[in-house]
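Student: based on what follows, work out the 3D shape:
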Amino acid sequence: MLLDRTIDISKHIPPVVKNTENFKEIANTENIELNLVNSKLNNVFSDQFIEDATENGIKRLEKIMKIYPKSSDTLDDRRAVIILKNNFQLPYTYRTLENKLTALYGANGYNLKLLNNNYILNIEILSNIWSLFDSVIDNFRKILPCNLIINSTLVNKVTSNLYNIGSLNLIGEEITIYPYSSKAIESRVPLDINISQSAGAETMTTYPK
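Tutor: As a prediction, this is how the structure comes out:
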């Protein structure tokens with residue numbers, strides 16, 4: 001922050017009157033107003049940069065760039081969409097596409113494969129933020145060559161360890177995907193159980209059905 005400080009005008013009051021009740025009240029009252037102004041100035045400065053923009057700044061950028069966020073989007077989701085659209089520029093190369101995906105999801109957050117002979121680009125993104133995934137793929141469709149078929153997949157991997165001791169165990173897993181409508185769901189759940197009685201259960205619900 002350019003003006004990240006707490007204002008206290010009592011530090012500037014002459015010592016001879018600093019401890020009187022009148023000047024204490026004046027300082028307390030003025031400090032509230034001056035710190036409020038200082039906070040507003042901080043916000044104005046922060047709103048000049050996408051990474052630091054406040055709710056008001058993000059809303060202003062969305063209006064300028066004609067972005068219509070979903071009600072479920074968080075402030076960080078909306079910020080990521082603005083950054084994505086702000087970086088929209090041609091020409092686009094395969095390496096540039098990799099750099100954009102790395103910036104959004106990290107080096108290990110995606111798999112990208114181009115099948116040149118078949119004119120197919122496979123994009124697999126490892127994330128659970130489906131709204132950002134939609135925005136990313138929509139933007140890629142606008143900038144990638146029209147002769148390419150884009151196969152996009154959102155993958156959310158969950159890894160956990162279950163330890164059970166006893167004569168009877170029930171192991172269950174419930175996965176709900178909402179409201180994203182997926183074409184295919186794949187689940188791999190290995191169970192190693194060394195007891196006499198056991199039961200394994202898995203439930204998947206996709207909305208809209």
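
Student: contacts only, for E51.
Tutor: Shown in contact with E51 (C-beta atoms under 8 Å, 6 or more residues apart in numbering): R79, I83. Backbone N, C-alpha and C define where each C-beta goes, glycine included.

Student: pLDDT score for it?
Tutor: Confidence at E51, expressed as pLDDT, is 87.

Student: how much space between it and L75?
Tutor: For E51, the distance to L75 under the criterion C-beta to C-beta, to the nearest Å works out to 12 Å.

Student: Y92 now?
Tutor: For Y92, the distance to L75 (C-beta to C-beta) stands at 28 Å.

Student: how about the strands in this protein?
Tutor: 110-115, 120-126, 149-155, 168-177, 197-206 (DSSP state E).

Student: mean pLDDT lowest for which of the ones you listed?
Tutor: Averaged per stretch, pLDDT over the strands of the chain is lowest on strand 197-206, reaching a mean of 52.

Student: report pLDDT for the residue nearest in space to the middle of the chain.
Tutor: When the chain is reduced to its mean C-alpha position, the nearest residue by C-alpha atoms, centre = their mean turns out to be D77, at 4.0 Å. Here, the pLDDT recorded for D77 equals 85.

Student: am I right that it is in contact with L132?
Tutor: Yes - the pair D77 / L132 is scored as a contact, 5.5 Å apart, by C-beta atoms under 8 Å.

Student: remind me, longest helix of this structure?
Tutor: helix 21-46 (DSSP state H).

Student: what confidence value was assigned to N128?
Tutor: N128 is given a pLDDT of 78.

Student: grab the nearest non-local neighbour of it.
Tutor: Excluding its sequence neighbours, the residue lying closest to N128 (C-beta to C-beta, 6 or more residues apart in numbering) is N156, at 4.4 Å.

Student: what about the one you found, how many neighbours?
Tutor: The number of residues packed around N156, counting by other C-beta atoms under 10 Å, is 12.

Student: would you mind measuring from it to R95?
Tutor: To R95, N156 is 27 Å away according to C-beta to C-beta.

Student: swap in G109?
Tutor: Counting by C-beta to C-beta, the gap from G109 to R95 is 17 Å.

Student: nothing else from me, thank you.
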